[in-house]
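Enquirer: Predicted model, plus sequence, below.
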Amino acid sequence: MTFAHLPALEVAVPLIAAPLAMLLRRSSAAWAIATAACAFSFGAALLLAAEVWTNGPISYALGSWDPPWGIEYRVDALSAFVLVLVSGIAATVAPYAWRSAAAELPREQLYLFYALYCLCVAGLLGMTITGDAFNLFVFMEIASLSSYVLIALGRDRRALLAAYQYLVLGTIGATFYVIGVGLLYLMTGTLNLADMAARLPQVQETRPVLAALAFITVGVSLKLALFPLHLWLPNAYAYAPSAVTAFLAATGTKVSIYVLARFYFGVFGLRLVTETLPMPEILLALSIVAIVTASLVALWQADLKRLLAYSSVAQIGYTTLGISMASKDGLTAAVAHLFNHGITTGALFLLVGGVALRAGRPEFERMRGLARRMPLSSLGVVIAGLSLIGIPGTAGFITKWYLVLGAIGAGRWWLAAFVVLTSLIAVAYVWRFVEAAYLGEPGSETPQPGEAPAAMLAPAWLLVAASVVFGLYTAYSVPGAQRAAALLLGASP
Amino acid sequence: MSLAGHYSYAITVLLMVTGLYIVIARGNLVKKLIGLAIFQTSVYLLYIAPGKLIGGTAPILAEGFKVYSNPLPHVLILTAIVVGVATLALGLAIVVRIRETYGSIEEDEILAADCDGGERA
């Protein structure tokens, strides 16, 4: 009985936890509810993924209104993969927030923080699970509005301006998405994504459909911070509270990339996207520019959190590079990178949050000789940094491997070389941390000996361990990504 | 396909571009939000106008009525209006906080303040 309603509960539990956390007002009770809700969603996502793995896609008619009239929740190989990532990160960051948020936020705002955190989790999970284009917009706005507030909670006053800029750009992105969906609705008369895909071939290559593709591409690209539309990201990540940065960096942009892939391959179809319009070429060019410029800009940052924010923009470039290949290996790389970069960047931002707690601000100046003062945190940053570079034996390597395979498969040797060479820039920016923390002498601004609280270090190290484990043990992550890639390509007419 | 027959689209596009222009061109944070609201409003029109049929009635089965308007776009836009109001309210709330912290709502003055303050802090 309850198992049959698991797709709805997956989203409903964190959604209901949000007002509960607000009503309880006590920060410890709010934290307990948020953590329990995230843990429940993670468990439900694992059960759903196991069910999809053995028995194929699940279609859930919300309120028993059959699709395409009612809203459909659809769990397939791809959405199950993203659900596990989002709820897993949410369940890892929630315990971390106990000490981290308490240190960074005023006491009387803590219950609001947990309520918003639950709302954001519910929004992102809803975006992933829904099979309805307009429902997706509503969840997108739930996730976005709550993340604007979460970012504005940052201690630095620049967090306010970052949240404002993100609000303006994010709203433009969401509105562009709605314009695209509206045009598609006018042409097909349906909002159900699968139904839309079935009806689109009749009106393919009409101007409203092409305009819809353009609007959805630009709108979602703003949300996922594709290169020229990434300007909101560095400040938002740099000034938000540590727990928020870790959660959003590991999940927020990932879900948007999922939406883009779903629309490209699941709705518009391979033929329209690759043959009628040169979308792969456009994505390829933007991804290459994103990887090169964002990695180079990351090199010059004085602050580790900003460095990682720019590195995230570059890593988004690798994901869209995989999508632009529109081949099995390319899409496997893109889907696997959602997961691999999610756990890697989550680990890094969590560790940096711990360092920021002890050092005030995560500036390289204050990190000289950090390895002697905070050995565990420093080691974690280095290991997760190796995964960011893509050293064999770490999760990041899996992605790079499939990207190179995809590039070679398409006969683009220069692209394979490009992927390997740009990893060297990542070596350079990870080295900046090693240089400061391991080779530098502790200065007056370096924190006194003492690690971050165990409640913060444990979740961070869990993700560090995951980024190594999933580099060595790929029995689920890689076949999962491959199934998702096959689903995307198979769903195309 | 005359312009007169599609005047609602012309208005939609006009509102859309006007709103987007205000967001980009104005430095005042409140004016930017007003532009954003106009931009969002244009989308309401984009959805609602095609749902209305001339001579159509509410979609209730009854004797003598054959032509019905599509109610779904109206319902969708009801949701979008709620989202738009929430966005505007949140945006204005953040502007109030910015004004309290920086003492200004002009983008250039705030950025200038951060250049000095950022070095000191």
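Expert: Thanks, I have the structure now. Everything numeric in this text was worked out from a predicted model, so none of it was measured.

Enquirer: Contacts only, for residue B:35.
Expert: By CB atoms under 8 Å, 6 or more residues apart in numbering or on different chains, the contact set of residue B:35 is B:18, B:19, B:20, B:21, B:22, B:23, B:26. All C-beta atoms are positioned from the backbone trio N, CA, C, and that covers glycine.

Enquirer: if I pick the nearest residue to it once chain neighbours are set aside, what's in contact with it?
Expert: Distances taken as CB to CB, 6 or more residues apart in numbering or on different chains put residue B:22 closest to residue B:35, at 2.7 Å, once the chain neighbours are dropped. Contact analysis of residue B:22 by CB under 8 Å, 6+ apart lists B:31, B:32, B:34, B:35, B:38.

Enquirer: Surely the second one touches residue B:25?
Expert: To tie it back to what came earlier, the one meant is residue B:32. No - using CB atoms under 8 Å, residue B:32 is not in contact with residue B:25, being 9.2 Å away.

Enquirer: Give the buried residues for the one helix or strand residue A:95 maps to.
Expert: Take DSSP states H and E as the rule and residue A:95 turns out to sit in helix A:77-104. By neighbour count with 16 or more other CB atoms under 10 Å in any protein chain shown, helix A:77-104 contains the buried residues A:77-104.

Enquirer: Mean confidence (pLDDT) on it, please.
Expert: Helix A:77-104 shows a mean pLDDT of 92.

Enquirer: hey, where'd the helices end up in chain B?
Expert: Applying DSSP state H to chain B gives helices spanning B:7-25, B:29-51, B:72-102, B:107-120.

Enquirer: ditto for the stretch 251-400 of chain A
Expert: A:270, A:279-299, A:304-325, A:328-359, A:370-373, A:375-389, A:395-409 (DSSP state H, counting those that start in this stretch).

Enquirer: ranking those helices by burial, who's on top?
Expert: Of the helices of the stretch 251-400 of chain A, the one with the most neighbours on average (mean count of other CB atoms under 10 Å in any protein chain shown) is helix A:328-359, at a mean of 28.

Enquirer: Do that one and chain B come into contact?
Expert: No - Helix A:328-359 lies out of reach of chain B by CB under 8 Å from any CB of the partner chain, never closer than 14.3 Å.

Enquirer: Return the distance of that helix from the chain's centre.
Expert: On the basis of CA atoms, centre = their mean, to the nearest Å, helix A:328-359 is displaced by 8 Å from the centre of the chain it belongs to.

Enquirer: Give me the average confidence score over that helix.
Expert: The pLDDT scores in helix A:328-359 average 91.

Enquirer: how about the residues of chain B that lie near chain A?
Expert: Within reach of chain A by CB under 8 Å from any CB, chain B has these residues: B:16, B:20, B:23, B:29, B:32-33, B:36, B:39-40, B:43, B:46-47, B:50, B:73, B:76, B:79-80, B:83, B:86-87, B:90-91, B:94-95, B:97-98, B:101-102, B:110-111, B:114, B:117-118, B:121.

Enquirer: Return the members of those classed as buried.
Expert: B:16, B:20, B:23, B:29, B:32-33, B:36, B:39-40, B:43, B:46-47, B:73, B:76, B:80, B:83, B:87, B:90-91, B:94-95, B:97-98, B:101-102, B:110, B:114.

Enquirer: any idea how chain A splits into domains?
Expert: A:1-277, A:279-486 (automatic domain parsing).

Enquirer: So which of those is nearest residue B:8?
Expert: Nearest of the domains of chain A to residue B:8, taken as CB to CB: domain A:1-277 at 12.1 Å.

Enquirer: tell me, how many neighbours does the residue in the stretch 351-493 of chain A positioned nearest to chain B end up with?
Expert: Closest residue of the stretch 351-493 of chain A to chain B, CB to the nearest CB: residue A:361 (9.0 Å). By other CB atoms under 10 Å in any protein chain shown, 17 other residues sit near residue A:361.

Enquirer: which ones are touching the residue nearest the centre of chain B?
Expert: Nearest to the geometric centre of chain B sits residue B:40, at 2.0 Å (CA atoms, centre = their mean). Neighbouring residues of residue B:40 by CB under 8 Å, 6+ apart: A:171, A:175, B:19, B:80, B:84, B:87.

Enquirer: Also residue A:382?
Expert: Residues near residue A:382 by CB under 8 Å, 6+ apart: A:430, A:433, A:434.

Enquirer: and with 10 Å instead?
Expert: Counting by CB atoms under 10 Å, 6 or more residues apart in numbering or on different chains, residue A:382 touches A:351, A:371, A:430, A:431, A:433, A:434, A:437, A:438, A:464.

Enquirer: out of those, which is most surrounded?
Expert: Within the contacts of residue A:382, neighbour counts (other CB under 10 Å) peak at residue A:351, which reaches 33 neighbours.

Enquirer: For residue 6, grab the count of nearby residues.
Expert: All of this refers to chain A. 18.

Enquirer: wait, chain B
Expert: Residue B:6, neighbours per other CB under 10 Å, totals 13.

Enquirer: now residue A:124
Expert: Residues near residue A:124, counting by other CB under 10 Å: 34.

Enquirer: What pLDDT is listed against it?
Expert: Confidence at residue A:124, expressed as pLDDT, is 96.

Enquirer: what helix or strand does it sit in?
Expert: helix A:110-129.

Enquirer: I'd like to know how far residue A:330 sits from residue A:79.
Expert: Distance from residue A:330 to residue A:79, counting by CB to CB, to the nearest Å: 19 Å.

Enquirer: Equivalent analysis for residue A:235, please.
Expert: Counting by CB to CB, the gap from residue A:235 to residue A:79 is 31 Å.

Enquirer: How about residue B:63?
Expert: Distance of residue B:63 to residue A:79, computed by CB to CB: 46 Å.

Enquirer: and if you look at residue A:212?
Expert: In terms of CB to CB, residue A:212 sits 22 Å off from residue A:79.

Enquirer: Ok, residue A:207 next?
Expert: 31 Å.

Enquirer: got any ranges where chain B has weak pLDDT?
Expert: The model of chain B has pLDDT under 70 over residues B:1-3, B:116-121.

Enquirer: how about the residue lying farthest from the centre of chain B, phi and psi?
Expert: Note on chain B: the largest C-alpha distance from the chain mean falls to residue B:63, namely 39.2 Å (CA atoms, centre = their mean). Phi and psi for residue B:63, reported as degrees, to the nearest 10, are phi -60, psi 140.

Enquirer: which bits of the stretch 151-300 of chain A sit near chain B?
Expert: Counting by CB under 10 Å from any CB of the partner chain, the stretch 151-300 of chain A comes close to chain B at A:151-152, A:156-161, A:163-172, A:174-176, A:178-179, A:181-183, A:185-186, A:189-191.

Enquirer: gap between residue A:316 and residue A:93?
Expert: Relative to residue A:93, residue A:316 is positioned 20 Å away (criterion: CB to CB).
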